[in-house]
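A.B. asks: Predicted model, plus sequence, below.
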Amino acid sequence: MIEQTVSITTPAGAMTSYTFRPDAAGPLPAVILYMDAPGIREELFDFSRRIADQGYYVLLPDMYYRIAESRFDYAKMAGNDSPERKRMFEAMNSLTNKLVMDDTQGMLDFLAADPQVKDGGIGCIGYCMSGRYIVSAVGTYPERFAAAASLYGVGIVTDQEDSPHLLAKNIAAELYFGFADTDPYVPDNVIPDLRAALDEQDVAYKLDVWPGTEHGFCFPARPVYKEESAEKVWGLVFSLFERRLS
């Protein structure tokens, strides 16, 4: 595995990011992993390595670079009033769809200039807070993205003008959505409204609600981890990438 720390130019400055690719010679199809709210940590490095092991060039951006590349200790977040949890939510709420799409343009420029990246459609995957960003990305840059996956994504359907689901008319990629059975961060209207928007525009997608799961079920370090469901999700995501990125 070849792992590197790189700097990506964005309108806001330099964004520290991490790349992962197998030792086999490239060029390789690219996948962007948009982080979840707890941010950059070894768990996301492990996810990046797992994707890279399938034959992909993985880019993991530190989306909190505007606030000094913040790091959080998930073990200290027990209880809604914990200072660490509050600090994490402040970081998460510092991002907007517009800011992340500006950053995404920088990522796309970086990937286009790297000879190790194969020409053609790019994939992306996002967890938790980044469900909104993978939908925004494929709707904002439809000519660049061919596949996207959102796992228990939040903020995909809102009542705001920049709600990601409103970009369905632009989407050319194939999408996968894996929602948790119990998720306080996903209001009841989200799944039916998302389905309606995608169906109206004939977007290619698959949407699952995984029985007996809670928000965060894909992460092994979480108490809510469901190994069987998480492994099935990986299989679906890799099948999607194989179909659309090969």
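C.D. replies: Cool, got the structure.
A.B. asks: Okay, now the unreliable bits of this protein?
C.D. replies: 68-81, 84-85, 87, 89, 93 (pLDDT under 70).
A.B. asks: and the residue nearest the centre of it, what are its bridge partners?
C.D. replies: Central residue of the chain (C-alpha atoms, centre = their mean): G126, 1.6 Å from the mean position. Here G126 sits in beta bridges with Y34, S150, going by DSSP bridges.
A.B. asks: show me the contacts for it.
C.D. replies: Listed by C-beta atoms under 8 Å, 6 or more residues apart in numbering, the contact partners of G126 are 33-36, 132-134, 148-151, 153. Where C-beta positions appear, they are placed from N, C-alpha and C, glycine not excepted.
A.B. asks: Next, the closest residue to G139 other than its chain neighbours: phi, psi?
C.D. replies: Among residues not flanking G139 along the chain, L167 sits closest, at 2.6 Å (C-beta to C-beta, 6 or more residues apart in numbering). With angles defined as degrees, to the nearest 10, L167 sits at phi -90, psi 10.
A.B. asks: Would you confirm that L167 contacts F145?
C.D. replies: No: at 11.5 Å, L167 does not count as touching F145 under the criterion of C-beta atoms under 8 Å.
A.B. asks: For these two, indicate the residue with more neighbours.
C.D. replies: Ranked by neighbour count (other C-beta atoms under 10 Å), L167 and F145 place F145 first, with 26 against 19.
A.B. asks: what sits in contact with each of L167 and F145?
C.D. replies: Counting by C-beta under 8 Å, 6+ apart, the shared contacts of L167 and F145 are V138.
A.B. asks: circling back: tell me the spacing between the residue nearest to the centre of the chain and A148.
C.D. replies: Relative to A148, G126 is positioned 8 Å away (criterion: C-beta to C-beta, to the nearest Å).
A.B. asks: who touches both of the two?
C.D. replies: Joint contacts of G126 and A148 (C-beta under 8 Å, 6+ apart) are I134.
A.B. asks: Now do the strands in this structure.
C.D. replies: 2-10, 13-21, 30-34, 57-61, 122-127, 145-151, 174-182, 205-214 (DSSP state E).
A.B. asks: And those: which comes nearest P115?
C.D. replies: Set against P115 and scored by C-beta to C-beta, these come closest in strand 57-61, at 10.6 Å.
A.B. asks: quick one: strands adjacent to the closest one?
C.D. replies: Going by DSSP bridges, the partners of strand 57-61 are strand 13-21 (antiparallel), strand 30-34 (parallel).
A.B. asks: now the angle from the first one to strand 2-10?
C.D. replies: When you say that, I think you mean strand 13-21. 150 degrees (axes from the mean of the first three to the mean of the last three C-alpha atoms, to 10 degrees).
A.B. asks: CA atoms of strand 13-21 as PDB?
C.D. replies: Listed next in PDB are the C-alpha coordinates belonging to strand 13-21 (Å, rounded to 0.1, in the frame of the first residue of the first chain):
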ATOM      1  CA  GLY A  13      -6.200  27.800   1.100                       C
ATOM      2  CA  ALA A  14      -4.300  24.500   1.400                       C
ATOM      3  CA  MET A  15      -6.300  21.400   2.400                       C
ATOM      4  CA  THR A  16      -4.300  18.600   3.900                       C
ATOM      5  CA  SER A  17      -5.500  15.300   2.400                       C
ATOM      6  CA  TYR A  18      -4.400  11.700   2.300                       C
ATOM      7  CA  THR A  19      -4.000   9.300  -0.600                       C
ATOM      8  CA  PHE A  20      -4.000   5.600  -0.600                       C
ATOM      9  CA  ARG A  21      -3.300   3.200  -3.500                       C
END
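A.B. asks: returning to that earlier point: just put the strands paired with strand 57-61 in TSV and tack on distance to L44 and mean neighbour count.
C.D. replies: Output for these, formatted as TSV (distance: least, C-beta to C-beta, whole Å; neighbours: other C-beta atoms under 10 Å):
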stretch	distance to L44	mean neighbour count
strand 13-21	9	19
strand 30-34	7	27
